[in-house]
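Asker: Would you be able to build a 3D model of this:
(chains A and B)
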Amino acid sequence: MKIPVGIPVFVAAAGTDPRFAKMVSRWLVCAGLWLLVASVVGLLEAVRLIDVEILADHAFLTFGRLRPVHTMTMLFGWASMALIGLAFYVVAKSTLLPMHAPLSRTELFLANLALALTNVGIAVGAVAMCMGDVNAGREYREWPWYAMAPVFAAVGICGVLFYRMVARRAVAGIYISCWFVMSACFWIAIVVLMGYQTIWKAGIPDRIIDGFYIHNAVGMWFTPLAVGMTYYALPKLLNKPIYSYALGVLGFFTHMVFYTVIGTHHYIFTPLPMALQTTAVICSVAMIVPVWASTGNFLMTMKGERLAISHSYSLPFLFVGVVGYGLASLQGTAESLRFVQEILHFTHYTVGHAHFAMYVFVTFLIWGCIYGLVPRMTGREPPILVVAVHFWLALGGIAVYVIGLSVGGHLQGNAWVAGEPGMESVRVVAPYMVWRAVGGLLMFVAHIFFFVALWRMRPGAFTMAYSGGKS
Amino acid sequence: MAINIHTSHRLLLALSAGTYLILVYLCAVWPAMVEQTAMEALPRPDHGELVARGREVYKSFNCVTCHTQQIRGDARRAYAVDDRVVVPVLEADARFGREVATRAEEYAWQDPVFMGTQRIGPDLSSTGRRLPESQWHYWHLYDPKSVSPGSVMPPHRFLFTSKEPSGDTSAYHEEVIVIAGLGVQGDRLWATPDAVALVEYILSLNREFLEVEGLGR
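Answerer: Purely as a prediction, here's the structure:
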């Protein structure tokens, strides 16, 4: 077996525009800070399911209000910002733009402005929800409109910048990562507009939009970006081409067609139109095609590279993320089936699945891409021991969390079907709330280590000097 | 050279954007329009000002995080009683006492709809019938465990005050909360107007269609 020897990071980073590197790094550091904030909130919520008295005397910190603070900050603070930051680098590299000036001064200003707008939106959203202005019952869009507006504007700005970068690419072909990035920016804009429109906002029409929004916000934004980043990072780090480019194209189109219509599987057994429910279930099964087109593609690319993966500090994250993508999506397909929903819908099992998907899939891929690509941009590598601790704490934490909630969710659902009194289902699930909190604590500690590593990779004076004296 | 999605960013974006817009129309806009038309034919329910305010309190505390308001039913096993289609309730939802699944009409004009996606606590769609005593709900809001041992619901003590309200007190609900071990034993507590409205709203969740004649086929 060969261990591919890539270009040393200092050389790879040579000639990179320091203002560009700083801009990308700012997106990632802000994302890392929001990850810490959202983890603390999530941990607090988990502990409260064990002891309800914690911080119980403050109306603005009630469980119901903090829960969307956790989810929205994780989604739009952590995952979204990290992926946008990475996308700037990946689009610039895969379009072969000159790295000493991938963006013009105006474009750099706009990218930094988008960053500021996003941060403002997330902070305003969190405060507004704690004050009680929460878009209740509308998951992943609980922010009032004035918090979503700046974030929406920021995504719009970034979408235009990505498009312009692709338009002036130095190669004829458009690499698949850029397909995902450009399209995702358009898709999420439509999704957010649908989520905040006021034409269908009552009764069953509202729920049809909700089913659409819940799943498209995740699947037409985080999934394509995370997969797109991996299509660049994985071959780059392994120093070999992707196993099959055609599988990537197949994955892109089937993902777009099937993923768009599966949202109503959140509303099986409700008065929503039966045709819509059935279509959603069928397409949820069809999701196996795009998911395994990409997962299979990544796994085949990694085939025979076991030694390279075990010697790298970034590839293990990508490996876990790729396997997580395949498994979390299969789990989602299974959960959409009616006989499974009958037992598991409304239980903690669903929360376990949501974390499996956003963490083992999206977050691990983000980490893999950050550890793999950022040193190539800044010339600074993270302390390997810190990365190792981060990896094992995060993996152990999410395993404890997901296993606990999966077992607990099963017991809960079966207690309901057996017709036990409601409190019995609370009682059987109680021990697994401890698993949840322990898993959450491990993940939170892992995130501190991640932030330390991220901080050490930021562009510094050395990078600036190395990149040709420009600053 | 022929125009090719691999080499034309315009064509590529047009294709992914256009296909997506068509799909969004088919799976969200069109069904929403159809259901909107169906809803327009239904009357706007009016439960009064207090219940409407209570609904806002319910919304602001995001109670829907833990409480659903939907009883699921299997439409494939639906049958007709007189002119009415009856959807039997799933076994998993049977414990809330309803014999018929919630219907589209019951959600008409609700903005937002509190159908919910998670049951850390029980479904509330028929609370007015299951737990009709307002006193129970005040105790429960103040200290859920006192009336519902083992509950993981957070106490909502901030919805009560021990200071005697001055001025117009008609909106307050005077309560003497006697709960062992809470340190307020025998203290007089007043439920704030928000708490009064919230309890009224919860008690209004008492959907019709609960019992359908001839259901025991």
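Asker: Can you point out the buried residues in the helix or strand where residue A:189 lies?
Answerer: Take DSSP states H and E as the rule and residue A:189 turns out to sit in helix A:176-196. By 16 or more other Cβ atoms under 10 Å in any protein chain shown, the buried positions in helix A:176-196 come out as A:176-192, A:194-196. No exception for glycine: its C-beta is placed from N, CA and C like everyone else's.
Asker: what about it and chain B, any contact?
Answerer: Yes. Helix A:176-196 is in contact with chain B by Cβ under 8 Å from any Cβ of the partner chain, via A:178-179, A:182-183, A:186-187, A:190, A:194.
Asker: try stretch A:36-51
Answerer: Yes. Stretch A:36-51 reaches chain B (Cβ under 8 Å from any Cβ) through A:48-49.
Asker: So what's the model's average confidence on that stretch?
Answerer: Mean pLDDT, stretch A:36-51: 97.
Asker: follow-up on the earlier one: moving C-terminal of the helix holding residue A:189, what's the next helix or strand?
Answerer: Past helix A:176-196, the next helix or strand by DSSP H and E is helix A:203-217.
Asker: re earlier: next, format the residues of helix A:176-196 next to chain B as CSV and append pLDDT.
Answerer: Listed next are those as CSV, based on pLDDT from 0 to 100:
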residue, pLDDT
A:178, 98
A:179, 97
A:182, 97
A:183, 98
A:186, 98
A:187, 98
A:190, 98
A:194, 97
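Asker: what's the closest of those to chain B?
Answerer: residue A:183 (4.0 Å; Cβ to the nearest Cβ).
Asker: The longest helix seen in chain B packs against which elements?
Answerer: As assigned by DSSP state H, the longest helix anywhere in chain B is helix B:9-24. Helices and strands touching helix B:9-24, by 3 or more Cβ pairs under 8 Å, 6 or more residues apart in numbering or on different chains; DSSP states H and E, are helix A:145-167, helix A:176-196, helix A:245-260.
Asker: and the angle for the first one with helix B:9-24?
Answerer: Interaxial angle, helix A:145-167 versus helix B:9-24 (axes from the mean of the first three to the mean of the last three Cα atoms, to 10 degrees): 140 degrees.
Asker: Show me what helix A:145-167 is in contact with.
Answerer: A:76, A:80, A:84, A:87-88, A:91-92, A:95, A:97, A:102-103, A:107, A:110-111, A:113-115, A:117-118, A:120-122, A:124-125, A:128, A:141, A:174, A:178, A:181-182, A:185-186, A:188-189, A:192, A:195-196, B:9, B:13 (Cβ atoms under 8 Å, 6 or more residues apart in numbering or on different chains).
Asker: Give me the distance between the closest residue to residue B:115 other than its chain neighbours and residue B:157.
Answerer: Distance criterion Cβ to Cβ, 6 or more residues apart in numbering or on different chains; nearest residue to residue B:115, sequence neighbours excluded, is residue B:70 at 4.5 Å. Using Cβ to Cβ, to the nearest Å, residue B:70 is found at 29 Å from residue B:157.
Asker: okay, the two: which has more neighbours?
Answerer: Using other Cβ atoms under 10 Å in any protein chain shown, the more surrounded residue of residue B:70 and residue B:157 is residue B:70, with 25 against 18.
Asker: Quick check: which ranges of the stretch 101-250 of chain A have low pLDDT?
Answerer: Scanning the stretch 101-250 of chain A for pLDDT under 70 picks out no residues.
Asker: Contact residues of it facing chain B?
Answerer: Residues of the stretch 101-250 of chain A lying near chain B (Cβ under 8 Å from any Cβ): A:129, A:132-139, A:142, A:163, A:166-167, A:169, A:172-174, A:178-179, A:182-183, A:186-187, A:190, A:194, A:199-210, A:212, A:220.
Asker: Make a ChimeraX selection of whichever of those turn out to be buried.
Answerer: Only the buried entries of these go into this ChimeraX selection, using 16+ other Cβ under 10 Å:
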select /A:129,132,133,134,135,136,137,138,139,142,163,166,169,174,178,179,182,183,186,187,190,194,200,201,202,203,204,205,206,207,208,209,210,212,220
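Asker: what's the burial count for the closest residue to residue A:151 other than its chain neighbours?
Answerer: Excluding the flanking residues, the one nearest residue A:151 by Cβ to Cβ, 6+ apart is residue A:121, at 3.7 Å. When neighbours are counted by other Cβ under 10 Å, residue A:121 registers 23.
Asker: quick check, residue A:121 in a strand?
Answerer: No. Using DSSP: H, G, I helix; E, B strand; the rest coil, the assignment for residue A:121 is helix, not a strand.
Asker: That one contacts residue A:143, doesn't it?
Answerer: Yes. Using Cβ atoms under 8 Å, residue A:121 is in contact with residue A:143, at 7.5 Å.
Asker: tell me which helix or strand of chain B sits lowest on mean pLDDT?
Answerer: strand B:173-176 (a mean of 61; mean pLDDT, DSSP states H and E).
Asker: pLDDT of the next helix or strand after that one, averaged?
Answerer: Using DSSP H and E, the helix or strand that follows strand B:173-176 in sequence is strand B:188-191. What strand B:188-191 shows for mean pLDDT is 78.
Asker: Wait, residue A:223 touches residue A:259, no?
Answerer: Yes. With contact defined as Cβ under 8 Å, residue A:223 counts as touching residue A:259 (7.3 Å).
Asker: show me the contacts for residue A:227.
Answerer: Counting by Cβ under 8 Å, 6+ apart, residue A:227 makes contact with A:180, A:251, A:255, A:294, A:325, A:365.
Asker: err, residue A:285, not the other one
Answerer: With Cβ under 8 Å, 6+ apart, residue A:285 has these contacts: A:333, A:336-337.
Asker: Next up, identify which helix or strand residue B:203 is on.
Answerer: Per DSSP H and E: helix B:193-204 holds residue B:203.
Asker: Please state the offset of that helix from the chain centre?
Answerer: Here helix B:193-204 is found 13 Å from its chain centre; the criterion is Cα atoms, centre = their mean, to the nearest Å.
Asker: quick one: contacts of that helix?
Answerer: So helix B:193-204 is contacted by B:47, B:50-51, B:53-58, B:124, B:127-128, B:132, B:134, B:137-138, B:141, B:156, B:159-160, B:171-173, B:191 (Cβ under 8 Å, 6+ apart).
Asker: coming back round to it: top of the contacts of residue A:227 by number of neighbours, please.
Answerer: Neighbour count (other Cβ under 10 Å) singles out residue A:365 as the most crowded of the contacts of residue A:227, with 32 neighbours.
Asker: Quick check: phi and psi at residue A:312.
Answerer: With angles defined as degrees, to the nearest 10, residue A:312 sits at phi -110, psi 150.
Asker: which residue ranges form the strands in chain B?
Answerer: Using DSSP state E, the strands of chain B run over B:79-81, B:84-86, B:160-161, B:173-176, B:188-191.
Asker: okay, those in a markdown table with distance to chain A next?
Answerer: Listed next are the strands of chain B as a markdown table, based on distance: least, Cβ to the nearest Cβ, whole Å:
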| stretch | distance to chain A |
| --- | --- |
| strand B:79-81 | 15 |
| strand B:84-86 | 10 |
| strand B:160-161 | 11 |
| strand B:173-176 | 18 |
| strand B:188-191 | 14 |
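Asker: Low-confidence stretches in chain B?
Answerer: B:1-2, B:169, B:173-187, B:207-217.
Asker: and residue B:82, how many neighbours?
Answerer: 8.
Asker: quick one: what helix or strand has the nearest residue to residue A:390 once chain neighbours are set aside in it?
Answerer: Here the nearest residue to residue A:390 in space, its sequence neighbours aside, is residue A:449; by Cβ to Cβ, 6+ apart that works out to 4.0 Å. Applying DSSP H and E as the criterion places residue A:449 in helix A:422-456.
Asker: pLDDT averaged over that helix - what is it?
Answerer: On average, helix A:422-456 scores 96.
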